[in-house]
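Asks: any chance you could fold what I've pasted below:
(2 chains)
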Amino acid sequence: MARKPNPPAEPPPAAGEAPRPPEFAKAIGGFLETYQRSMEGLIREMKAAKDVRWDDSAQIIAWIKRATAFPAAMPGADAKSAFAAPLDAASLAGTLPSEFAKHPLLAGLRHVFAGAHDAVGWGLYSRLAETMTEVGAADAAAREAQAAVWKIIGDIWQRAQVRFAEELKAMHARGESFADVQAFLRAWSRVLDPIAHEVLQSGPGLEASAGAMRAASRLRAAQNRAVELVSELYNVPTRAEVDEAYRMIHELRKEVRALRKGAA
Amino acid sequence: MATKAAAKAEGKALFDVSPAALAKELAEVREKIERGAKLLSALKEDEIEIALTPKDLVFSADMVTLHRYRPIVANPLPIPVLISYALIGRYQMIDLEQERSFVKKLLAQGLDVYVIDWGKPKRAQRWLAIDDYVNGYLDDCVDVVRERTGARAINLLGICQGGVFSLCYAALHPDKVKNLILTVTPVDFHADRGNEKLASGYMNLWTRATRDEDVDLMVDAWGNLPGPIVGFSFLMMNPVANIGKYTTDLLGVIDDERKLKGFLRMERWIADRPDHPGEVLRQWLRDFYIHNRLVKNQVELGGKRVDLRKVTMPVLNIFAAEDVIVPPPTSRGLKGRVGTSDYTEIEVPGGHIGTFVGSKAQNILAPRIVEWLKARIER
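Replies: As a prediction, the model looks like this:
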């Protein structure tokens, strides 16, 4: 997947200035501020209600409009602009400290607002962020599985060195010697080859290699899920949708073929 | 061992290479590489073309094409041979170079030869299963050859995985197969069990170390298995020899034009690995390698069970003595499992690919096949 570059880092806070909160924290802060301001606005309007002529429909409607005005439109409220900041998986992963992400307040907000979140399209971003976390974990597991294969290769090398040392010792005892560099390399290969097979065909060797393939497949599957979400985000047909279309075409063609064969 | 004969003298140095000799050896290697570099830079693309034996396209369906080689004898045998190669590589291996072309030898022996090129499956072919190859493309090709020649049944020659497809086809459509020839074909995928040999049957061992879920995960994640991964799995079967191939072996042939071209043609074939269709791979690894269902008559294709006892036509089963990809016991596992008493086995020297390109095997393979066929066609 083509990763979007992280937004440029903000300049560090000046000496003595409080550290700036991450983007998401700013957004939540903005939301809470907006909530508080809307409450203040409502109280203010309730106080002002004593001046409203309750027999005048126009005045009543005007009061309702003031009392229920969208908080973001109120002076000082910045929830809208905070939430409108670029919020993709890459920037989220880059700016959201993991401890903050686990904060009960955030989890609670997610829980309470999940439906609205999804309804306005932000749910996709959350799923993408979660999937990118899965990709990261699968990538780490794949590296671990590759390391297990390298360990096996290291084992081959080490065992071959020991056996080659024995071989050289025996050659020396027999009074034999290498006539040229290539003869030496061929002798080394002759020792290395059977050991490589012994180790690769052993239980741990087979498990390491199967494990590497398994981990690579899991990584690929996680990457596929992330790409699916990005495709969905940009309204592009997803891999699964295209595959499903291919499957339908495949089955239809099979049916056509069977009908043709039957008719012939 | 490439060492000096034992001098029997105590205290003799193990490395009997003087600085002057070492410098001379290095200078020789450098000169060899320089000569090789000149040869390589003068080589043109068409000088390392493969599969040059003349042939004509007679049928195509999707990415699959059927070709007929132009006969080189006046009256070829009346019943043609259809060759089905594996999906793992390309069919060009049987016609790698003019001097060592298996196809050319068959033509020279008087056969009428057709070959299926399975092509290069794209993502759109991700859902193709073995059933589609056996009861679809292969059946189509058999019908085309039958129609063109008027033969009720034809000779089918399968190679490796293409041999398995041919065997399944013969069991499902015995009326369309006159004679069945299998070459380096795995049948009993567990026949090596308990008798594992070093450096042999790595794929059999590897698949038995995996689970059905691993195969599902792999196919679901990749769709078609990319050709380079398939190629890598072959490299892993013989890692040290493969490293040596591109170092010491290459150095040995780099300044010999004929050998260098042979080396490059083989590399060209090796590098041209098609992606493996996902659903074929799923069934291939699970049913055949992991669960060994073919010899249990439990493989199902298109809703029909592949019963080897329904293979009632004459069968010639050829295996390679030094085959490490398909160990001989896995090929020989067919014996006693088919429904014909006309069953013949031939062992050829060399390995899996050497069967078709090795000089020793080449002298045996085509003549023995033609001799066996003639005896059955003229009956």
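
Asks: just the helices in the stretch 51-200 of chain A please.
Replies: Remark: helices assigned in the stretch 51-200 of chain A by DSSP state H, counting those that start in this stretch are A:57-67, A:79-83, A:89-95, A:98-101, A:104-119, A:123-174, A:181-200.

Asks: can I get the ones you listed in a markdown table with mean neighbour count and distance to A:Lys50?
Replies: (C-beta placed from N, C-alpha, C; glycine too.) Shown next, in a markdown table, are the helices of the stretch 51-200 of chain A (neighbours: other C-beta atoms under 10 Å in any protein chain shown; distance: least, C-beta to C-beta, whole Å):
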| stretch | mean neighbour count | distance to A:Lys50 |
| --- | --- | --- |
| helix A:57-67 | 13 | 11 |
| helix A:79-83 | 18 | 30 |
| helix A:89-95 | 19 | 47 |
| helix A:98-101 | 12 | 45 |
| helix A:104-119 | 12 | 35 |
| helix A:123-174 | 16 | 44 |
| helix A:181-200 | 18 | 88 |
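
Asks: just put the ones you listed in TSV and tack on mean pLDDT and distance to chain B.
Replies: Listed next are the helices of the stretch 51-200 of chain A as TSV, based on pLDDT from 0 to 100; distance: least, C-beta to the nearest C-beta, whole Å:
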stretch	mean pLDDT	distance to chain B
helix A:57-67	78	55
helix A:79-83	40	35
helix A:89-95	41	20
helix A:98-101	48	27
helix A:104-119	62	26
helix A:123-174	90	5
helix A:181-200	90	4
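
Asks: wait, B:Phe15 touches A:Ala183, no?
Replies: No - judged on C-beta atoms under 8 Å, B:Phe15 makes no contact with A:Ala183 at a distance of 9.9 Å.

Asks: want to try a markdown table for the helices of the stretch 51-200 of chain A, with distance to B:Gly333 as columns?
Replies: What follows is these, written out as a markdown table (distance: least, C-beta to C-beta, whole Å):
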| stretch | distance to B:Gly333 |
| --- | --- |
| helix A:57-67 | 86 |
| helix A:79-83 | 67 |
| helix A:89-95 | 52 |
| helix A:98-101 | 55 |
| helix A:104-119 | 57 |
| helix A:123-174 | 30 |
| helix A:181-200 | 23 |
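
Asks: give the helix, strand or coil label for B:Asn155.
Replies: Assigned with DSSP: H, G, I helix; E, B strand; the rest coil, B:Asn155 falls in the strand class.

Asks: which residues touch A:Val181?
Replies: Neighbour list for A:Val181: B:Val17, B:Leu22, B:Glu25, B:Leu26 [criterion: C-beta atoms under 8 Å, 6 or more residues apart in numbering or on different chains].

Asks: could you tell me which of the residues you listed belong to helices?
Replies: The helices, defined by DSSP state H, take in B:Leu22, B:Glu25, B:Leu26 from these.

Asks: how near is the closest residue to A:Arg163 other than its chain neighbours to A:Ala170?
Replies: Take A:Arg163 and drop its neighbours on the chain: the residue closest to it by C-beta to C-beta, 6 or more residues apart in numbering or on different chains is A:Val191, 5.3 Å away. Distance of A:Val191 to A:Ala170, given as C-beta to C-beta, to the nearest Å: 11 Å.

Asks: contacts for stretch A:47-63?
Replies: Stretch A:47-63 has contacts (C-beta under 8 Å, 6+ apart) with A:Glu45, A:Arg66.

Asks: how about stretch B:118-137?
Replies: Contact partners of stretch B:118-137, identified using C-beta under 8 Å, 6+ apart, comprise A:242-243, A:246-247, A:249-251, A:254, A:257, B:61-65, B:85, B:87, B:91, B:116, B:165, B:168-169, B:172, B:223-224, B:274-280, B:283-284, B:301-302.

Asks: show me those residues that map onto strands.
Replies: Here DSSP state E is the test, and these give B:Ala61, B:Val64, B:Thr65, B:Ile116, B:Leu301 as lying in strands.

Asks: for the third one, give its distance to B:Asp117.
Replies: Which is B:Thr65. Distance, B:Thr65 to B:Asp117, using C-beta to C-beta: 5 Å.

Asks: contacts only, for the residue nearest to A:Arg163.
Replies: A:Ala160, A:Arg163, A:Phe164, A:Glu167.

Asks: closest to B:Asp143 among those residues?
Replies: Nearest to B:Asp143, judged by C-beta to C-beta, of these is A:Ala160 at 54.7 Å.

Asks: kindly report the residues of the stretch 51-200 of chain B close to chain A.
Replies: Within the stretch 51-200 of chain B, the positions near chain A by C-beta under 8 Å from any C-beta of the partner chain are B:Arg123, B:Ala124, B:Arg126, B:Trp127, B:Leu128, B:Asp132, B:Gly136, B:Glu196, B:Leu198, B:Ala199.

Asks: and if we set it to 10 Å?
Replies: Proximity of the stretch 51-200 of chain B to chain A, by C-beta under 10 Å from any C-beta of the partner chain, involves residues B:61-62, B:122-129, B:131-132, B:135-136, B:139-140, B:143, B:196-200.

Asks: narrow those residues to those that are buried.
Replies: B:62, B:124-129, B:131-132, B:135-136, B:139-140, B:143, B:199-200 (16 or more other C-beta atoms under 10 Å in any protein chain shown).

Asks: shared neighbours of B:Thr65 and B:Asp117, anything?
Replies: Both B:Thr65 and B:Asp117 are contacted by B:Leu57, B:Tyr91, under the criterion C-beta atoms under 10 Å, 6 or more residues apart in numbering or on different chains.

Asks: which one of the helices of the stretch 51-200 of chain A lies nearest to B:Phe288?
Replies: Nearest to B:Phe288, of all those, is helix A:181-200, at 21.8 Å by C-beta to C-beta.

Asks: after the closest one comes which helix or strand?
Replies: helix A:203-233 (DSSP states H and E).

Asks: only the buried residues of that following helix, if you could.
Replies: Along helix A:203-233, these residues count as buried under the neighbour rule (16+ other C-beta under 10 Å): A:205-206, A:208-231.

Asks: same check, this time on stretch B:347-358
Replies: Residues of stretch B:347-358 classed as buried: B:Val348, B:Gly350, B:Gly351, B:His352, B:Ile353, B:Gly354, B:Thr355, B:Phe356, B:Val357, B:Gly358 (neighbour count, 16+ other C-beta under 10 Å).

Asks: nearest to chain A among the residues you listed?
Replies: Among the buried residues of stretch B:347-358, B:Gly351 lies closest to chain A (C-beta to the nearest C-beta), at 14.7 Å.
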